[in-house]
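Engineer: Got a predicted model here, sequence first, then my questions.
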Amino acid sequence: MDKTQNRNLIFLVTLTILSWISVVESIDCFKCVSMNGRFPACDDPFHNNHSLQLLESPCMGGRKGRDGLFPATSCIKIAGIFDDTGEKITVRGCGLDSGTATTDTEIIRMSHCGRFYYDDRYVHGCLQSCNDADACNSSDVIKSQLLLATLLLMTSSLS
């Protein structure tokens, strides 16, 4: 093999390895809690007037079975009423998928309404999650296929 062929082979091997990599940045989310309207900036309707202080960038969250905080992949909002007192609650925050096999154990995989526990009390309301835009909410994902296509075009131009 001559030097050009060797260089192209090394480049293609590197390209193949890189094509398996996906890069994901964390998401920015609003984080706040309002009980019975005591923190109006957090309640609905939500106005982004003075809420930069509520925006956590990047938003970090816990993961099941692990210590510490990790970059979040979704924003969440809980809005409901406590069954025992009728008090309203709004919680905005972030979360990440812990990798379990079922949707019902992962809070961010689907939005739902009904009754659920929050701080050992029943709440009647909705839990919503999103991951399509920052502050509800997008992560910038570089798809490995896009990376591969770009590198292949670069390789073909070197030949």
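Structural biologist: Cool, the structure landed.
Engineer: residue boundaries of the helices in the chain?
Structural biologist: Ranges of helices within the chain are 3-18, 144-158, based on DSSP state H.
Engineer: If I average pLDDT within each of those, which one is lowest?
Structural biologist: Here the lowest mean pLDDT among those goes to helix 144-158, at a mean of 49.
Engineer: Now stretch 60-68 - C-alpha only, PDB.
Structural biologist: Extracted C-alpha coordinates of stretch 60-68, given in PDB (Å, rounded to 0.1, in the frame of the first residue of the first chain):
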ATOM      1  CA  MET A  60     -29.500  18.500  36.200                       C
ATOM      2  CA  GLY A  61     -31.600  15.700  37.700                       C
ATOM      3  CA  GLY A  62     -31.200  12.500  39.700                       C
ATOM      4  CA  ARG A  63     -31.200   9.000  38.100                       C
ATOM      5  CA  LYS A  64     -32.600   5.900  39.700                       C
ATOM      6  CA  GLY A  65     -30.000   3.700  41.300                       C
ATOM      7  CA  ARG A  66     -27.200   6.300  41.000                       C
ATOM      8  CA  ASP A  67     -25.800   9.000  43.200                       C
ATOM      9  CA  GLY A  68     -25.300  12.600  42.100                       C
END
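Engineer: How is this protein divided into domains?
Structural biologist: Domain ranges of the chain: 1-22+143-159, 23-141, per automatic domain parsing.
Engineer: and the ones you listed, which one's lowest on average pLDDT?
Structural biologist: domain 1-22+143-159 (a mean of 57).
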